[in-house]
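Participant: What follows is a predicted protein model with its sequence.
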Amino acid sequence: MTARSPEALIATRRRDSTRRRQRVLDALGQLAAAGCEISVSAVARAAGVDRSFVYRHHDLRAQIHAQAAAAPGTSPASTTATRQSLLADLANLQEQNQRLRRQNLSLEEVFRAGGIGRTGETEALRARVSQLEQQLLDLRQELEDRTGDLNASRAANRDLMALANRKPAGTP
């Protein structure tokens, strides 16, 4: 691999950035002309660039937002919900809620009939899990204490061995 000068790398990077900027501007013009949705994601997708490229170039992002605001059919009046549509949505959601409640009740009946939903067993299992979790915490604490004791014993043993291996002061 040949080493390239920093100036050459910078120039290459600038050319690439310029090409991508032009692709974004071309894509913005094409989407506007076709009357398609204009958003950062849509323009980036059409230009074949990453959205982060558009977000790093504030002027491009500003142009996209300005074009989106100027596009026909995106006036605030066309995006507001009417009272009737909101009431219809509410009615649909209430009906869906009722269906889900009925389905939930039937599933609970199936679970009870199959012995799956026995609350006594469930509570006993939950109590046992809590007991085992507490036991685990206690054992971990005990292990930590014993590890500390073991480390202290090892340090004392090292000190004693170092003392025993030292030569007496008067020996040659």
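Facilitator: Received the coordinates, thanks. Numbering: from 1, shown residues only.
Participant: what is the rounded mean pLDDT of the helix or strand encompassing residue 131?
Facilitator: Take DSSP states H and E as the rule and residue 131 turns out to sit in helix 119-165. The predicted model gives helix 119-165 an average pLDDT of 91.
Participant: again, but for stretch 50-62
Facilitator: On average, stretch 50-62 scores 91.
Participant: which residues touch it?
Facilitator: With contact meaning C-beta atoms under 8 Å, 6 or more residues apart in numbering, stretch 50-62 is reached by 20-21, 24-25, 40-41, 43-44, 64. Using the backbone N, CA and C atoms, a C-beta is placed for each residue, glycine as well.
Participant: Output the residues you listed in TSV, with distance to residue 108 and neighbour count appended to each entry.
Facilitator: Formatted as TSV, the contacts of stretch 50-62 follow (distance: C-beta to C-beta, whole Å; neighbours: other C-beta atoms under 10 Å):
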residue	distance to residue 108	neighbour count
20	57	19
21	60	17
24	55	24
25	59	15
40	47	16
41	43	11
43	50	30
44	48	22
64	51	24
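Participant: Residue 42 in helix, strand or coil?
Facilitator: Of the three states, residue 42 takes helix under DSSP: H, G, I helix; E, B strand; the rest coil.
Participant: For the nearest residue in space to it that is not next to it in sequence, grab the count of nearby residues.
Facilitator: When the adjacent residues along the chain are set aside, residue 42 lies closest to residue 31, with 6.3 Å between them (C-beta to C-beta, 6 or more residues apart in numbering). When neighbours are defined as other C-beta atoms under 10 Å, residue 31 has 22 of them.
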